[in-house]
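Asks: curious how this folds, go ahead:
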Amino acid sequence: MSTDEKIELLQNGFTSLSEGLKDLARELWRDVDPTNIASLSRAVEFQKQLVNGLQEFDEVSGRLVQLLNSNGKAFPALESLPPVIERNRHQPKRGFALEMDFKGTRPSAIEIEGEVISDISSWRELQEVACNFCARRNPALFRTVPDHPDFHTSHGTRYFTRDSTGHRSPLKLDQGIWVESHLGSNAISELIRKLLKLFGIREKDVRVFLREVDDQAADDPHRSRNDIEDDSLAPGSFRRSCLVRIEEHLGLSFAKQNATLYESTDHTTNLLISVSKDYGDDKMVRFWYTLAAPQIEALDSSPNGWLAFGCGTPDNLLLIPHRYATEWLRRIRVDSIDGPSRWDVKLSSPGDGYRLLPPYSGREIKLKRFLI
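Replies: Predicted coordinates for the structure are as follows:
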């Protein structure tokens with residue numbers, strides 16, 4: 001491992017530790033009884049000290065990384081080891097170059113020229129994200145990719161085409177282009193390398209982040225590792241199935257902006273798709289979604305925004321106009337003392353009409369009429 005890689009690993013460790021402490025602070029705050037004045041006062045004082053400590057930690061770790069970056073290269077470099085991915089459950093959360101051997105791994109995110117696209121659950125989804133990044137960067141050039149010889153096999157097969165015929169597993173991309181996705185992880189990474197090179201994107205500006213197999217539940221912070229038994233219900237696959245139904249219902253085609261946000265190809269409509277497992281008949285809260293500020297802002301900025309909630313399976317799909325949801329979204333906003341706001345959407349059972357549950361308060365709202 002080179003000195004630069006060690007510095008990067010150390011920086012990622014600082015960041016992970018800081019984020020972990022912030023998550024812990026949020027969990028502790030949620031456990032406080034707001035009706036107990038003494039307990040509330042102690043909690044506020046503790047949170048103040050913790051937030052101040054976190055700020056000091058971020059400042060000190062930032063100075064250390066800056067110091068290493070400015071002076072570390074003055075020391076003799078350590079002998080570099082061959083690029084090998086350690087596949088064990090304690091693997092650090094760091095990015096890998098596209099030249100690595102990805103066999104047996106699953107991606108969680110990709111960073112291209114500083115833009116991080118996260119919440120990726122499969123190599124097929126990463127392939128879609130990387131290709132559409134290039135399509136947005138230069139649409140005219142992307143439309144010529146099917147004719148480029150770098151994407152033809154020795155037998156004349158084309159990876160990119162202008163229709164879905166001839167592919168074992170066709171994947172629809174922006175600009176009316178299709179790509180073969182029946183490929184292994186290393187074949188996909190090699191295809192992405194060639195595509196990025198064509199679009200003038202340097203490999204050193206691209207990193208792939210990996211997840212453990214057990215991390216499939218990370219999309220929903222309320223589910224355990226055993227909750228996902230069928231890969232078709234993994235978050236990425238779940239959302240793709242929902243998108244197919246929504247496009248058919250609205251008569252629009254959507255391009256993926258990030259893991260949960262989509263924009264129609266005519267740039268008139270924004271769509272947010274959030275999915276939840278079914279927590280079972282014995283639970284009051286059957287479906288639970290957590291929305292973040294950037295998601296809400298994207299809907300606010302669109303003249304035609306839609307909220308979609310997948311309820312257990314793609315067959316139970318609520319599609320709600322954002323203009324209708326504005327009022328009750330305001331009532332479920334949760335403000336954090338040390339981070340951005342969030343919106344917790346909790347719904348009751350289908351038999352109860354998908355009723356909004358606390359933290360929502362107000363007149364009864366049932367969302368069953370928005371099923372498609």
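Asks: can we go C-alpha only for contacts and neighbour counts from here?
Replies: Fine.
Asks: buried sites along stretch 301-309?
Replies: Judged by neighbour count (16 or more other C-alpha atoms under 10 Å), stretch 301-309 contains these buried residues: 302, 304-309.
Asks: how about stretch 291-299?
Replies: Neighbour-count burial for stretch 291-299 flags 291, 295-296, 298-299 (criterion: 16+ other C-alpha under 10 Å).
Asks: what secondary structure does His182 sit in?
Replies: coil (DSSP: H, G, I helix; E, B strand; the rest coil).
Asks: dump the residue contacts of it.
Replies: Residues in contact with His182, defined by C-alpha atoms under 8 Å, 6 or more residues apart in numbering, are 168-170.
Asks: any quick ChimeraX command for the buried ones out of these?
Replies: Buried residues within these, by 16+ other C-alpha under 10 Å, are selected in ChimeraX with:
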select :170
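Asks: picking up where we left off before, reformat the buried residues of stretch 301-309 as JSON lines; add pLDDT, distance to Leu252 and secondary structure.
Replies: Below are the buried residues of stretch 301-309 laid out as JSON lines (pLDDT from 0 to 100; distance: C-alpha to C-alpha, whole Å; DSSP: H, G, I helix; E, B strand; the rest coil):
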{"residue": "Ser302", "pLDDT": "85", "distance to Leu252": "15", "secondary structure": "coil"}
{"residue": "Asn304", "pLDDT": "89", "distance to Leu252": "12", "secondary structure": "strand"}
{"residue": "Gly305", "pLDDT": "91", "distance to Leu252": "13", "secondary structure": "strand"}
{"residue": "Trp306", "pLDDT": "93", "distance to Leu252": "12", "secondary structure": "strand"}
{"residue": "Leu307", "pLDDT": "93", "distance to Leu252": "15", "secondary structure": "strand"}
{"residue": "Ala308", "pLDDT": "93", "distance to Leu252": "15", "secondary structure": "strand"}
{"residue": "Phe309", "pLDDT": "92", "distance to Leu252": "18", "secondary structure": "strand"}
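Asks: now the residues you listed as JSON lines including distance to Glu113?
Replies: JSON lines is the format used below for the buried residues of stretch 301-309 (distance: C-alpha to C-alpha, whole Å):
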{"residue": "Ser302", "distance to Glu113": "26"}
{"residue": "Asn304", "distance to Glu113": "30"}
{"residue": "Gly305", "distance to Glu113": "29"}
{"residue": "Trp306", "distance to Glu113": "30"}
{"residue": "Leu307", "distance to Glu113": "30"}
{"residue": "Ala308", "distance to Glu113": "30"}
{"residue": "Phe309", "distance to Glu113": "32"}
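Asks: endpoints of stretch 263-277, how far apart?
Replies: Using C-alpha to C-alpha, to the nearest Å, the end-to-end distance of stretch 263-277 comes out at 25 Å.
Asks: in that stretch, what counts as buried?
Replies: Buried residues in stretch 263-277 (16+ other C-alpha under 10 Å): 263-264, 269-277.
Asks: ok, now stretch 150-162?
Replies: Result for stretch 150-162 [16+ other C-alpha under 10 Å]: buried residues 151, 158-162.
Asks: swap in stretch 165-177?
Replies: Buried residues in stretch 165-177, counted by 16+ other C-alpha under 10 Å: 167, 170-175, 177.
Asks: same check on stretch 246-254?
Replies: 246, 253-254.
Asks: contacts for it, please.
Replies: By C-alpha under 8 Å, 6+ apart, stretch 246-254 touches 262-265, 319, 372.
Asks: ok, which pair from those residues is furthest apart?
Replies: Pairwise distances across the contacts of stretch 246-254 peak at 21.6 Å for Thr265 and Ile372 (criterion: C-alpha to C-alpha).
Asks: partners of the host helix or strand of Glu111 in the sheet?
Replies: Applying DSSP states H and E as the criterion places Glu111 in strand 106-112. Looking at strand 106-112 with DSSP bridges, its partner strands are strand 115-118 (antiparallel), strand 206-211 (antiparallel).
Asks: chain center to it: distance?
Replies: 9 Å (C-alpha atoms, centre = their mean, to the nearest Å).
Asks: residues in contact with that strand?
Replies: Taking C-alpha under 8 Å, 6+ apart as the rule, strand 106-112 contacts 116-123, 126, 205-213.
Asks: now the element after the one helix or strand Glu247 maps to, going C-ward?
Replies: Element membership for Glu247, per DSSP H and E: helix 235-250. Scanning forward in sequence from helix 235-250 by DSSP H and E, the next helix or strand is strand 254-256.
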